[in-house]
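**Q** Here is a sequence together with a model predicted from it:
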Amino acid sequence: MPADDEGYTGPATLVVAGQEFDVEVDLRGHFQPIDGYYRWYGRIARDERLHELAGGRKQPAEIRTPDGFASGELSDPDPWGRYRLLGVSTPPFAVATALAE
């Protein structure tokens with residue numbers, strides 16, 4: 001992972017339309033100096049139950065990892081059925097808060 005990117009790869013809980021899904025995620029993020037926001041994004045491993053519920057449509061979602069949780073948006077799946085997840089502000093994973101970190 002590049003030095004300016006931060007992220008999390010591993011198990012997570014995704015909440016969509018009031019239903020919880022145990023999923024595997026690969027999340028990354030970075031601070032965007034132009035608008036002053038931290039933007040995080042990533043992919044959720046293919047999950048048939050999630051695909052049945054979301055039906056390929058955008059949906060609000062919450063993601064929980066061992067390091068935290070955040071609200072974001074579930075977006076269209078890629079050709080392999082992996083949904084994209086993105087959000088703005090505090091990410092659902094630990095980030096460095098000082099230059100020494």
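**A** Done, it's in.
**Q** For the most centrally placed residue in the chain, name its beta-bridge partners.
**A** Centroid-nearest residue in the chain: residue 85, 4.4 Å away (criterion: Cα atoms, centre = their mean). Residues in a beta bridge with residue 85, per DSSP bridges, are residue 42, residue 74.
**Q** ok, it - contacts?
**A** By Cβ atoms under 8 Å, 6 or more residues apart in numbering, the contact list for residue 85 reads 14, 25, 27, 41-44, 61, 63, 72-75. In this view, the C-beta of every residue, glycine as well, is placed from N, C-alpha and C.
**Q** for residue 82, same thing?
**A** Residue 82 makes contacts with 43-46, as judged by Cβ under 8 Å, 6+ apart.
**Q** go on, residue 26?
**A** The contact partners of residue 26, taken as Cβ under 8 Å, 6+ apart, are 7-9, 42-43.
**Q** rerun at 10 Å
**A** Contacts of residue 26 were listed using Cβ atoms under 10 Å, 6 or more residues apart in numbering, and they are 7-10, 12, 41-45, 82, 85.
**Q** Which parts of the strand ranked longest in the chain count as buried, going by neighbours?
**A** Taking DSSP state E as the criterion, the chain has its longest strand at strand 19-32. Buried residues in strand 19-32, counted by 16 or more other Cβ atoms under 10 Å: 21, 23, 25-30.
**Q** Among these, which one lies nearest to residue 55?
**A** If you rank the buried residues of strand 19-32 by distance to residue 55 using Cβ to Cβ, residue 21 comes first, at 14.3 Å.
**Q** Read off the pLDDT value for that closest one.
**A** What the model reports as pLDDT for residue 21 is 97.
**Q** Please identify which helix or strand holds the closest residue to it other than its chain neighbours.
**A** The shortest distance from residue 21 to any non-neighbouring residue, by Cβ to Cβ, 6 or more residues apart in numbering, is to residue 14 (4.6 Å). In this structure, residue 14 sits in strand 6-16 according to DSSP states H and E.
**Q** buried ones in that strand?
**A** Those buried within strand 6-16 under the rule 16+ other Cβ under 10 Å are 6-8, 12, 14, 16.
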